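> Got a predicted model here, sequence first, then my questions.
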Number of protein chains: 2
Amino acid sequence: MNKSSRSKIRRAPKRGHYDEKSIYQILDSGQICHVGFIHHGKPVVIPTIYGRLNNKLYIHGATVSRLIVELEKGIDISLSVAHVDGLVLARSAFHHSMNYRSVVIFGKAAIVNDDEKNDALKIISDHLIPGRWEEVRAPNAKELKATKVLEITIEEASAKIRIGEPIDDDQDYILDIWAGEIPLKKMVFPPIPDTKLKDGLEIPKSVTEFIELNNVR
Amino acid sequence: MNKSSRSKIRRAPKRGHYDEKSIYQILDSGQICHVGFIHHGKPVVIPTIYGRLNNKLYIHGATVSRLIVELEKGIDISLSVAHVDGLVLARSAFHHSMNYRSVVIFGKAAIVNDDEKNDALKIISDHLIPGRWEEVRAPNAKELKATKVLEITIEEASAKIRIGEPIDDDQDYILDIWAGEIPLKKMVFPPIPDTKLKDGLEIPKSVTEFIELNNVR
């Protein structure tokens, strides 16, 4: 991916990654991103769901939403996705850290035209739960009109990853202080059927596959 | 909390909350925030850890880091914390949603002076794992010098919360389509001792209490 002074990892540069594979893996395992843009001269950060196809990210919203109305002007945006994988407890306060995987992206948004809107919405749906789109009632004309989808072309991207144990100063390893990692992981719990569910409906394939592929409690 | 046109929830206003209790609860149960600011005229979003005391948030970084160097100028920032609690699967594509709790904050950062730096770092440490600060080697003068802490006074804040089942259009409830929620939750896994741990060190109180208080796998 492109790397300018804007996206170059300065702090802990060994944790920096700029290859598409690292960046896409982090993006693809996230459920929400945080989008930053400038509104009336001030920064705004909004969490939202997204999907990815190649070097394009898709976000959507109500036609009248501030996020969408601003971004469709083609203004610059920054977008971040971050996963916390564990707390890293060192012997010194200073060397406490976190195991994480994060991506920061720079790009611009453009409105997805009506012909491609349905496909772009499917990309977002597939990102959250593959196969669900085919199981449900498709958007009708009114719903499509009420929704806008934006396509963000990734201009620059960088990933930052920390894994492993704490790294203490040499002289601190003799201290009588416990050190280690507390792993954290997002887990999936068994699905809860809607209380108004029609009798006789089985849990669908998209849900059973999602549960099989993820970390189930 | 203050609410201007900038922080007012326009989309799904019933999900909007502006009371301190709702906002602080969401902030206090997060581990990373996403900070947005303007750098060379363009938006930048960076994930980072934080702590809170009353209406102040604290973030820290290396003295030379871009995030810190920019923010200590007192520029406007926006900051968001978001938790994903579940996927909400409706009968129609359009009514698919997510259960979540998110906060968006507007404010400015100011540098924490040297006298208060140690206390501010403790606030960040306590946010991640209460009681750990007292167990470890405190920062020395060199480490404190290499670290800057910023205090962000919350000027405006809003929370957005969605809970519960999918809400479908009336006429869709008769469709033979499964609907419900897939709950998601961040879980804590048993601590992994550092491979270089001194013999005979027990898991400390901060870690056992953290595990008791959180969702343990």
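Everything's here; your move. Numbering: from 1, shown residues only, chains lettered A, B, ... in the order given.

> where does the residue positioned nearest the centre of chain A land in three-state SS?
With distances taken as C-alpha atoms, centre = their mean, A:Gly30 lies nearest the centre of chain A, 3.5 Å away. The three-state label given to A:Gly30 by DSSP: H, G, I helix; E, B strand; the rest coil is coil.

> so who does it touch?
A:Tyr50, A:Val81, A:Ala82, A:His83 (C-beta atoms under 8 Å, 6 or more residues apart in numbering or on different chains). C-beta here means a position set from N, CA and C on the backbone, and glycine is covered the same way.

> Would you confirm that the third one belongs to a helix?
No: membership of A:Ala82 in a helix is not supported by three-state DSSP, which gives strand.

> so where is chain A shaky, pLDDT-wise?
A:1-3, A:217 (pLDDT under 70).

> residues contacting the residue of it most remote from its centre?
Distance from the C-alpha centroid of chain A peaks at A:Ile174, with 40.2 Å (C-alpha atoms, centre = their mean). A:Ile174 sits next to B:Lys198 when contact means C-beta under 8 Å, 6+ apart.

> re the thing from before, of the contacts of A:Gly30, buried ones?
A:Tyr50, A:Val81, A:Ala82, A:His83 (16 or more other C-beta atoms under 10 Å in any protein chain shown).

> from the residues you listed, which are also near chain B?
A:Ala82 (C-beta under 8 Å from any C-beta of the partner chain).

> Now do the strands for chain A: every range, in order, please.
Along chain A, counting by DSSP state E, strands occupy A:16-17, A:32-39, A:42-49, A:51-53, A:56-62, A:76-89, A:97-111, A:147-162, A:180-188, A:192-193.

> For A:Ser7, find the nearest of those strands.
strand A:147-162 (4.2 Å; C-beta to C-beta).

> who's in contact with stretch A:7-22?
Residues contacting stretch A:7-22 (C-beta under 8 Å, 6+ apart): A:1, A:3, A:23, A:55, A:104, A:106, A:156-162, B:61-62, B:64-66.

> now that stretch: how far from the chain's centre is it?
17 Å (C-alpha atoms, centre = their mean, to the nearest Å).

> Any of the contacts of stretch A:7-22 buried? List them.
Of these, these count as buried by 16+ other C-beta under 10 Å: A:1, A:23, A:55, A:104, A:106, A:156-162, B:61, B:65-66.

> Let me know the closest of those residues to B:Leu150.
Closest to B:Leu150, out of all of the buried ones among the contacts of stretch A:7-22 and judged by C-beta to C-beta, is B:Gly61, at 8.0 Å.

> In whichever helix in chain A runs longest, which residues are buried?
Using DSSP state H, we find that the single longest helix of chain A is helix A:114-128. Going by neighbour count (16+ other C-beta under 10 Å), the buried part of helix A:114-128 is A:Lys117, A:Asn118, A:Ala120, A:Leu121, A:Lys122, A:Ile123, A:Ile124, A:Ser125, A:Asp126, A:His127, A:Leu128.

> And stretch A:30-50, by the same measure?
Buried, per 16+ other C-beta under 10 Å, within stretch A:30-50: A:30-39, A:43-50.

> Can you give me the end-to-end span of that stretch?
Start and end residues of stretch A:30-50 are separated by 9 Å (C-alpha to C-alpha, to the nearest Å).

> Quick one: distance of that stretch to the chain centre.
Taking C-alpha atoms, centre = their mean, the mean C-alpha location of stretch A:30-50 is offset from the chain mean by 12 Å.

> swap in stretch A:200-212?
Distance, centroid of stretch A:200-212 to centroid of chain: 23 Å (C-alpha atoms, centre = their mean).

> What are the buried residues along it?
A:Pro204, A:Ser206, A:Val207, A:Phe210, A:Ile211.

> Is A:Ile38 in contact with A:Lys73, as I believe?
No: A:Ile38 lies out of contact with A:Lys73 (C-beta atoms under 8 Å); the separation is 10.7 Å.

> gap between the residue lying closest to A:Glu209 once chain neighbours are set aside and chain B?
Distances taken as C-beta to C-beta, 6 or more residues apart in numbering or on different chains put A:Gly131 closest to A:Glu209, at 6.3 Å, once the chain neighbours are dropped. Noted for A:Gly131: a distance of 11 Å to chain B, by C-beta to the nearest C-beta, to the nearest Å.

> next one: A:Ile211
A:Ile211 is 8 Å from chain B, by C-beta to the nearest C-beta.

> Domain map for chain A?
A:13-179, A:187-217 (automatic domain parsing).

> who wins for proximity to B:His95 among the ones you listed?
That would be domain A:13-179 among these, by C-beta to C-beta, at 8.9 Å.

> okay but A:Glu135 is in contact with A:Val207, surely?
No: in this structure, A:Glu135 is not within contact of A:Val207 by C-beta under 8 Å, at 9.0 Å.

> Now do the shared contacts for those two.
Common contact partners of A:Glu135 and A:Val207 (C-beta under 8 Å, 6+ apart): B:Trp178.

> still on that earlier bit, mind putting the buried ones among the contacts of A:Gly30 into a markdown table with distance to A:Arg10?
Converted to a markdown table, the buried ones among the contacts of A:Gly30 look like this (distance: C-beta to C-beta, whole Å):
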| residue | distance to A:Arg10 |
| --- | --- |
| A:Tyr50 | 26 |
| A:Val81 | 20 |
| A:Ala82 | 18 |
| A:His83 | 21 |
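
> Closest one of the buried ones among the contacts of A:Gly30 to chain B?
A:Ala82 (3.8 Å; C-beta to the nearest C-beta).

> what is that closest one paired to in the beta sheet?
A:Ser102 (DSSP bridges).

> now do A:Gly61
The partner residues for A:Gly61, given DSSP bridges, come to A:Lys148.

> Contact partners for it?
Counting by C-beta under 8 Å, 6+ apart, A:Gly61 touches A:Thr48, A:Leu67, A:Ile68, A:Thr147, A:Lys148, B:Arg11.
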